[in-house]
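Participant: give the three-dimensional model of this entry:
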Amino acid sequence: MNIAIIPARGGSKRIPGKNIKLFAGKPLIAYSIEAAKASGLFDKIIISTDSEEVADVAKAFGADVPFIRPETLSNDVVGTRPVTNHAIKFCIENFYKPEFCCCIYATAPFLDAQYLQQGLDSLKQHSEKSFAFSVTSFPFPVQRALIKSAAGVSPMFPESIGKRSQDLEEAYHDAGQFYWGKTDDYLSNQKIFSHHSLSVILPRHLVQDIDTPEDWQRAELMYQAYVQGQKSE
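Facilitator: Okay, the predicted model is just below:
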């Protein structure tokens, strides 16, 4: 048995009500719920929220909200892992112990069920690993990053600034969509961003952080272009 856990607080300082704000006509969280359902991988899709309003929207799209998240896990400084682990423990105590758990962000309108499947498949195929999560490549070599200061501009990696792009190793970053893990490893001190994990590489056009109003506008434009492109194929 597998469960999906979607953390979705009610508050957001930079984008008020972000998780249920309409994105291209639907509440943002709806995209994550629908992708999880479309994958057919989960026995339960659990929303961890401190908001009755978020809970009502999530239920309307077919997710489970078996609890309201405690205040101790609902402030700005609490990370995702304690929230995920709280939901896993609740599931174990009240339903069953899942074999695999997948934390899915509520702010992932480009989430595609096929990549969720890839993540689970890769974790099953590599029994020595603990986690599998989404990544994407940087659009420009990070080794040629610049630092700006009062003194001017200087290279972050002086030894690489003069090298050709094709001579530098490609770098990746967390795509912020999903994080598969074995239940026991989630509940351990095992780190996700480590050699214990596998990566699921996403194309860059399916990745966009949504933290600011500018991010939101860019994401909607990307989404509209992506959907229009799919229709024209």
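
Participant: residues contacting Phe110?
Facilitator: Residues in contact with Phe110 (CB atoms under 8 Å, 6 or more residues apart in numbering) are Tyr31, Gln177, Leu206, Val207, Gln208, Met222, Tyr223, Tyr226. Using the backbone N, CA and C atoms, a C-beta is placed for each residue, glycine as well.

Participant: which secondary structure element contains the closest residue to the third one other than its chain neighbours?
Facilitator: Using CB to CB, 6 or more residues apart in numbering and skipping residues adjacent in sequence, the residue nearest Leu206 is Phe110, 4.2 Å away. For Phe110, there is no host helix or strand (DSSP states H and E).

Participant: and Phe110, how far is that from Gly119?
Facilitator: Distance, Phe110 to Gly119, using CB to CB, to the nearest Å: 15 Å.

Participant: how about Val65?
Facilitator: Distance from Val65 to Gly119, by CB to CB: 24 Å.

Participant: cool, Arg218 as well?
Facilitator: 25 Å.

Participant: next, the buried residues of the longest helix that the chain contains.
Facilitator: Determined from DSSP state H, the single longest helix within the chain is helix 213-232. For helix 213-232, burial by neighbour count (16 or more other CB atoms under 10 Å) applies to Trp216, Ala219, Glu220, Met222, Tyr223.

Participant: and what of stretch 5-24?
Facilitator: Ile5, Ile6, Pro7, Ala8, Arg9, Gly10, Ser12, Ile15, Lys18, Asn19, Ile20, Phe23.

Participant: for the second one, which three-state class applies?
Facilitator: Classification of Ile6 using DSSP: H, G, I helix; E, B strand; the rest coil returns strand.

Participant: so for it, what's the pLDDT?
Facilitator: Ile6 is assigned a predicted lDDT (pLDDT) of 98.

Participant: with the last one instead?
Facilitator: Note for Phe23: predicted pLDDT of 97.

Participant: over to it: give its phi and psi.
Facilitator: phi -120, psi 110 (degrees, to the nearest 10).

Participant: good, we can wrap up now.
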